[in-house]
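no sequence for this one, just the structure:
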């Protein structure tokens, strides 16, 4: 069967899969005309447009009743998109689970009464498409009608050779308007949709290959939550020769910005065997998207990266990694940290195959609101003798306590190279006693020196110059030099100088904010 034989713009293959069999449909494909996040926010003009005129929906009784996260869509299965009106569809799932959907995308819906399109319909999710079409950010399903694989041209219904553009937004009829998927065309949908462009940002999002046992939730803008097993590479990255832990290694991986800065559309990193970025290109609407058909696009034919979207602990932008068992230090590149060069230095060795919670981003914050507090606690192990405990607490008053059973080390890289980093800080009370004792010793020595000088002076005063009978004038002048000395006094690490009524107590040296052992 050829591409030109599709009954409805490439949207209904039942006659091909089961020729001669008429099936009773349960699921219907629709093209989403608009997404209604909050019906209460619709203006009266917008509500009137859904009840009257060219944009009137087929079930106007729900315009004032539809819940949040409803959609307006037009059924396109069995060629229905070329006639009839769009309808309001309620979300099938409650508000606790709401999947992404955008105007112009194709979705699956189900009706309350099987096969009765006049009954209330419920939308399930976006419809998946071919490998060369399906996109986390935005999927234009009618690209699949061309059967794009590796050909650069196709034959239209009129036999005309048409160049394939994997980044355009075809109508689904291969240049025959009567075969288009939806009568009004996609450009009208995009132009009229209330939810565009305010709620949608077109950008490249790498595709993710989940393991068969994973539960995965992905957003439209490069966000991912995976509930699975420890994983540092592709879907098969386990074994003794790889870094992934095996067995009892349940892991929750929360990541935003897979592929790193290469996916900003300006600095594209082409696919490699180890990195996770994807090739990108600008589509017909001016948005950058992942190149899902590199063999027929104008990009490098070898740009398809088998590792696209895989975990990249070095380049992914922001991640919270919660694991029962992993090699957290090695995986996140924080092995072999430098510390103090001493026998009693902090143990900086990697921890391997243990439970980890790791947060990594360009800017990491821990914020406590209002009169709250922050605690960082290393608990002691009650089953291990002499196990140590430590904590950092920031209380509601802004006080910070750092307490440890071990050592508190502050080390700078500059001082390490000079070999002086491993220096203890002073204890205040011991320093005060030491200084008091030192000053008392100095004062005692000075008093002894003063007494000795006084004795010398007295002796000199009694000295008689031979031949003259009186004291020697030169000796008397020398003896009077220290006569201005006055006794120094020690008053609690205070040195009182002669004639100086001000003192410089050691209390001035005390810190008002830093206290410790």
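Sure thing, it's come through. None of the values given here were measured: they were computed from a predicted structure.

all contacts plus neighbour counts: C-alpha atoms, from now on.
Noted.

domain assignment for this protein?
3-192, 215-331, 366-417, 428-509 (automatic domain parsing).

Of the ones you listed, which is nearest residue 352?
Nearest to residue 352 among the domains of the chain is domain 215-331; the distance by CA to CA comes to 4.7 Å.

What average pLDDT does the closest one get?
On average, the pLDDT along domain 215-331 is 79.

any idea which helix is longest in this protein?
Longest helix in the chain by number of residues (criterion: DSSP state H): helix 428-461.

What is it packed up against?
helix 473-479, strand 489-490 (3 or more CA pairs under 8 Å, 6 or more residues apart in numbering; DSSP states H and E).

got the domains of the chain as CSV, with mean neighbour count and distance to residue 353 columns?
Below are the domains of the chain laid out as CSV (neighbours: other CA atoms under 10 Å; distance: least, CA to CA, whole Å):
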stretch, mean neighbour count, distance to residue 353
domain 3-192, 18, 33
domain 215-331, 19, 5
domain 366-417, 12, 18
domain 428-509, 14, 43
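
Take these and lay them out in JSON lines including distance to residue 200.
Below are the domains of the chain laid out as JSON lines (distance: least, CA to CA, whole Å):
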{"stretch": "domain 3-192", "distance to residue 200": "8"}
{"stretch": "domain 215-331", "distance to residue 200": "9"}
{"stretch": "domain 366-417", "distance to residue 200": "30"}
{"stretch": "domain 428-509", "distance to residue 200": "60"}
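
Ok, which of the ones you listed comes nearest residue 205?
domain 215-331 (5.1 Å).

List the contacts of the residue most central in space within the chain.
Nearest to the mean C-alpha position of the chain, by CA atoms, centre = their mean, lies residue 318 at 2.3 Å. Contacts for residue 318 (CA atoms under 8 Å, 6 or more residues apart in numbering) come out as 255-257, 359-362.

switch the cut-off to 6 Å
Counting by CA atoms under 6 Å, 6 or more residues apart in numbering, residue 318 touches 255-256, 360-361.

how near is the nearest residue in space to residue 257 that is not next to it in sequence to residue 392?
Distances taken as CA to CA, 6 or more residues apart in numbering place residue 317 nearest to residue 257, at 4.9 Å, with adjacent residues excluded. Distance of residue 317 to residue 392, given as CA to CA, to the nearest Å: 28 Å.

Can you tell me the closest non-neighbouring residue to residue 108?
Per CA to CA, 6+ apart, closest to residue 108 is residue 29, 4.9 Å.

and that neighbour, what are its phi and psi?
Residue 29 has phi and psi values of phi -90, psi 140 when expressed as degrees, to the nearest 10.

Can you give me every residue that contacts it?
75-77, 107-108.

and if we set it to 10 Å?
Taking CA atoms under 10 Å, 6 or more residues apart in numbering, we find residue 29 in contact with 11-12, 73-78, 80-81, 106-110, 123, 126-127.

Show me those that map onto strands.
Those of the contacts of residue 29 mapping onto strands are 73-75, 106-110, 123, 126, per DSSP state E.

now those residues in CSV, with pLDDT and distance to residue 55?
CSV is the format used below for the ones in strands among the contacts of residue 29 (pLDDT from 0 to 100; distance: CA to CA, whole Å):
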residue, pLDDT, distance to residue 55
73, 96, 11
74, 95, 11
75, 94, 15
106, 97, 19
107, 98, 20
108, 97, 22
109, 96, 20
110, 93, 22
123, 97, 20
126, 97, 23
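
Columns distance to residue 372 on top of those, output as CSV?
Rendered in CSV, the data for the ones in strands among the contacts of residue 29 read as follows (distance: CA to CA, whole Å):
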residue, distance to residue 372
73, 48
74, 51
75, 53
106, 47
107, 46
108, 47
109, 47
110, 48
123, 43
126, 43
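
Excluding chain neighbours, what is closest to residue 217?
residue 225 (5.2 Å).

Phi and psi next, for the one you found.
phi -130, psi 120.

Report pLDDT for residue 352.
Per-residue confidence (pLDDT) for residue 352: 90.

Use 33 as the first number from now on
In the new numbering, first residue 33, that becomes residue 384.

which residue sits closest to it in space, ignoring its chain neighbours?
Per CA to CA, 6+ apart, closest to residue 384 is residue 359, 4.7 Å.

In contact with that neighbour, which residues?
262, 264, 275-277, 382-388.

change it to 7 Å
383-386 (CA atoms under 7 Å, 6 or more residues apart in numbering).

Over to residue 243?
Shown in contact with residue 243 (CA under 7 Å, 6+ apart): residue 267.

That one: what secondary structure?
What DSSP: H, G, I helix; E, B strand; the rest coil gives for residue 243 is coil.

how close does it sit to residue 344?
Applying CA to CA, the value for residue 243 to residue 344 is 16 Å.

re the thing from before, where does the residue nearest to residue 140 land on pLDDT?
pLDDT, residue 61: 95.

Run through who's touching stretch 70-88.
Residues outside stretch 70-88 that contact it (CA under 7 Å, 6+ apart): 89, 92, 95, 99-101.

rewinding a little: in the sheet, which residues pair with the residue nearest to residue 249? Tell me.
On the basis of DSSP bridges, residue 257 is bridged to residue 249, residue 286.

how far out from the middle of the chain is stretch 238-246?
19 Å (CA atoms, centre = their mean, to the nearest Å).

Report the separation between the two terminal residues of that stretch.
Using CA to CA, the span of stretch 238-246 from its first residue to its last is 18 Å.

in that stretch, what's buried?
Buried residues in stretch 238-246, defined by neighbour count with 16 or more other CA atoms under 10 Å: 238-240, 242.

Just the closest of these to residue 204, please.
residue 239 (24.4 Å).

can you give me the helices in this structure?
Going by DSSP H, the chain shows helices at 46-49, 76-83, 218-224, 360-363, 445-449, 460-493, 505-511.

Reformat these as TSV; add distance to residue 163.
Shown next, in TSV, are the helices of the chain (distance: least, CA to CA, whole Å):
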stretch	distance to residue 163
helix 46-49	20
helix 76-83	36
helix 218-224	22
helix 360-363	31
helix 445-449	51
helix 460-493	71
helix 505-511	106
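
These: which one's closest to residue 544?
helix 460-493 (12.6 Å).

can you tell me the average pLDDT over that closest one?
pLDDT averaged over helix 460-493 gives 78.

do you know how far the residue nearest to the centre of the chain is from residue 163?
Distance of residue 350 to residue 163, given as CA to CA: 27 Å.

got it, and residue 389?
Plainly put, residue 389 is 35 Å away from residue 163 if you go by CA to CA.

With residue 358 instead?
As defined by CA to CA, residue 358 lies at a distance of 32 Å from residue 163.

Which pLDDT value belongs to residue 129?
You'll see residue 129 listed with a pLDDT of 94.

Phi, psi for it please.
Note on residue 129: its backbone torsions stand at phi -140, psi 110 [degrees, to the nearest 10].

before we move on, the earlier item: of the helices of the chain, which is nearest residue 328?
Ranking the helices of the chain by proximity to residue 328 (CA to CA) places helix 218-224 first, at 23.7 Å.
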